[in-house]
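**Student:** Structure for this input, please:
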Amino acid sequence: MFRAIRQWWVRRTLRARITMVVAAVALLVFGWIAQVTSAIFASALTDQVDGQLRATLDSVSADITAGRPAGAGQRDQRIRVLDTSGGAADGLPPVLLHDWQVRQLRAGQGVSVFPGFFSPDEDEAEGEERFGPAVRWVGKVVSGPDGVQRLVVVGTEFTAYLSVFERAGYWFLPGALLSMLAVAGTAWVAVRLALRPVQRMRAAAGALPPGQRLPVPEARDELRALAEELNALLARRDEATERMRRFSGDAAHELRSPVASLRVQAEVAVAHPDPELAQETLADIAVEAERLSALVDDLLMLARADAVDLPEAEPVDLVAVARASAARLGERGIVVRVEAPTPVLVLAAPREVELVVDNVLRNAARYARALVRVLVLPAGAQGRLLVEDDGPGVPEDHRDQVFDRFHRVDEARDRASGGAGLGLALVADLVRRRGGTVRAAGSPEGGARFEIRWPKP
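**Tutor:** Prediction:
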């Protein structure tokens, strides 16, 4: 049942849901106001009746105290003399009152007796109709000439006042319903007008050409903030689309060369089935296949870095990662010297730091003549990694573009070394996404220096 109601509710439009909520709240509020107004009206009406009865009660009490006949000339009010327990002391039929009502009358408080007030199992007193008119009583304890205390009560029929109250009450509920309908209609119109800019924004977004942005409202309200956030989202989408387009074009261009080379060499081997030529051709094919495999690995790594959300950052021992990476390069016969005077922790994912250090060291080893030098140093709130080589270095006019994808300083030299221009691009992406920086410069030995900084935990 609850699930069906919830499904029905969520299928309603936002305008309908807001209007229904406002209508329900308005009905509760106006119903409560009607109840409070009824209570105030009833209290005021009762106070007015009690005031009239107390004026008569004071006159009657004075007559009884002086031994005069009580209530001479009173036609519209009932005057009774009771004993202090509520029994009749004036020879007339008893007054149907509960004990608690008698106590209230003795205390000077008024009581109301309505038709059908007594339960059916109570005996009906002689001369008193069980379902008679509603009566309002006020009372007062006085002492007669004989010194005996009497409870003098004065009452009046309350039916006319109740009919006035009922007629007024009949208008309270329709008034509350009409007020609720007025508020609901106002809410419907107000929500419709408030959502009209959202509808225009939705229509504009549906017809928005590539590269364009949504119009930003002049008012500094929630719609302006929504438009600005959507424009920022569109900018990120366009940037990602353009980046993917460039990546796809560059990847296709880079893959075309090794694939074409493999095809030409295979065709030569097929056209000239000479064993010596075939052996030489197979060796060239193996080199091109290795280069193609490395290029595909780099492309996959870049694609994962772009598509996958960043894992949670944690403290990583940069010195340990640098030493492990240097040991792996040392196994290939390359001299790598690591200098780390103090432990340095950086805030990133361990796998990211390994990829960054491995790529930077491989790049340095690819162009180094004899030595690659690695320094790990603290730098205030950052951890600093310096990688220097004694190779040809990076020309100054290429130091900003060297971290772009597929950028090569020397096309022939980079292809001969097996570089595809993706390793440093991956380094820049991983470091910058963690709030770090990368920079290329010249080393004292004349080669290249790469400086990488991560934030410290």
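**Student:** what are the ranges of the strands in the stretch 1-150 of the chain?
**Tutor:** In chain order, the stretch 1-150 of the chain shows strands spanning 78-82, 111-113, 135-143, 149-157, with DSSP state E, counting those that start in this stretch as the criterion.
**Student:** Can you say which of those strands is nearest to I33?
**Tutor:** The closest approach between I33 and any of the strands of the stretch 1-150 of the chain, judged by CB to CB, belongs to strand 111-113 at 24.4 Å. Where you see a C-beta, it was placed from the backbone N, CA and C, and this is true even at glycine.
**Student:** Quick check: which helices or strands does that closest one pack against?
**Tutor:** In this structure, strand 111-113 makes packing contacts with helix 99-106, strand 135-143, judged by 3 or more CB pairs under 8 Å, 6 or more residues apart in numbering; DSSP states H and E.
**Student:** which of the ones you listed sits most buried?
**Tutor:** Mean neighbour counts were taken over the helices and strands packed on strand 111-113 using mean count of other CB atoms under 10 Å, and the top value, a mean of 20, falls to strand 135-143.
**Student:** quick one: strands adjacent to it?
**Tutor:** Neighbouring strands of strand 135-143 in its sheet, by DSSP bridges, are strand 111-113 (antiparallel), strand 149-157 (antiparallel).
**Student:** Next, the angle strand 78-82 makes with it.
**Tutor:** Strand 135-143 and strand 78-82 meet at an angle of 40 degrees, taking axes from the mean of the first three to the mean of the last three CA atoms, to 10 degrees as the criterion.
**Student:** Contacts for strand 135-143, please.
**Tutor:** 46, 49-50, 53-54, 57-58, 61, 64-65, 78, 82, 84, 95, 97, 101, 105-106, 108-113, 149-158, 161 (CB atoms under 8 Å, 6 or more residues apart in numbering).
**Student:** nearest to S293, of the strands of the stretch 1-150 of the chain?
**Tutor:** Closest to S293 of the strands of the stretch 1-150 of the chain is strand 111-113 (CB to CB; 99.9 Å).
**Student:** Can you mark which positions in the closest one are buried?
**Tutor:** Neighbour-count burial for strand 111-113 flags 111-113 (criterion: 16 or more other CB atoms under 10 Å).
**Student:** Buried ones from the contacts of strand 135-143, can you make that a ChimeraX selection?
**Tutor:** Listed next is the ChimeraX selection for buried residues among the contacts of strand 135-143, using 16+ other CB under 10 Å:
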select :46,49,50,53,54,57,61,64,78,82,95,97,101,105,106,110,111,112,113,150,151,152,153,154,155,156,158,161
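**Student:** Show me where the stretch 1-150 of the chain has its helices.
**Tutor:** For the stretch 1-150 of the chain, helices defined by DSSP state H, counting those that start in this stretch occupy the ranges 2-10, 14-66, 99-106.
**Student:** other SSEs contacting the last one?
**Tutor:** Secondary structure elements in contact with helix 99-106, counted by 3+ CB pairs under 8 Å, 6+ apart, are strand 111-113, strand 135-143, strand 149-157.
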